[in-house]
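Novice: After the sequence you'll find the predicted model.
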Amino acid sequence: MLTMISPSPQAFLESLSSLKFAHRAKSIKNKPSINEDLDQKALIRKYENELNRLRSELDQKNKVLIDKSKLIQL
């Protein structure tokens with residue numbers, strides 16, 4: 001990136017603004033990812049994995065609730 005600044009005192013604020021913009025632009029980090037065209041079987045597999053993950057998460061939360069209710073009963 002090139003930033004043009006002026007040594008003129010009248011252009012100080014514009015030069016400062018340009019330098020700040022260049023610094024912000026320099027610090028941008030991109031995370032490229034590959035676009036995937038998933039077929040129906042791959043989508044079904046993806047959704048099944050998500051469902052299994054959510055079910056196990058729900059089971060864990062229910063187990064904690066059941067344990068707390070048993071503790072309250074005692």
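Specialist: Arrived safely, thanks for sending.
Novice: Off-centre distance for the host helix or strand of residue 19?
Specialist: Using DSSP states H and E, residue 19 sits in helix 12-26. Distance, stretch centre to chain centre, for helix 12-26: 27 Å (CA atoms, centre = their mean, to the nearest Å).
Novice: So for it, what gets flagged as buried?
Specialist: Going by neighbour count (16 or more other CB atoms under 10 Å), the buried part of helix 12-26 is residue 15. C-beta: built from backbone N, CA, C; applies to glycine.
Novice: Residues touching it, excluding its own?
Specialist: Contact partners of helix 12-26, identified using CB atoms under 8 Å, 6 or more residues apart in numbering, comprise 1, 3-6.
Novice: now, which of those sits nearest residue 61?
Specialist: Within the contacts of helix 12-26, distances to residue 61 taken as CB to CB reach their minimum at residue 1, with 49.0 Å.
Novice: Longest helix in the chain, please.
Specialist: With DSSP state H applied, the helix covering the greatest number of residues in the chain is identified as helix 40-73.
Novice: picking up where we left off before, return the member of the contacts of helix 12-26 nearest to residue 29.
Specialist: residue 1 (14.4 Å).
Novice: For that closest one, give me the pLDDT.
Specialist: The score at residue 1 is 79. That number is its pLDDT.
Novice: what residues are up against it?
Specialist: Residues counted as contacts of residue 1 (CB under 8 Å, 6+ apart) are 22, 25-26.
Novice: where are the low-confidence patches of this structure?
Specialist: Judged against pLDDT under 70, the low-scoring parts of the chain cover residues 68-71, 74.
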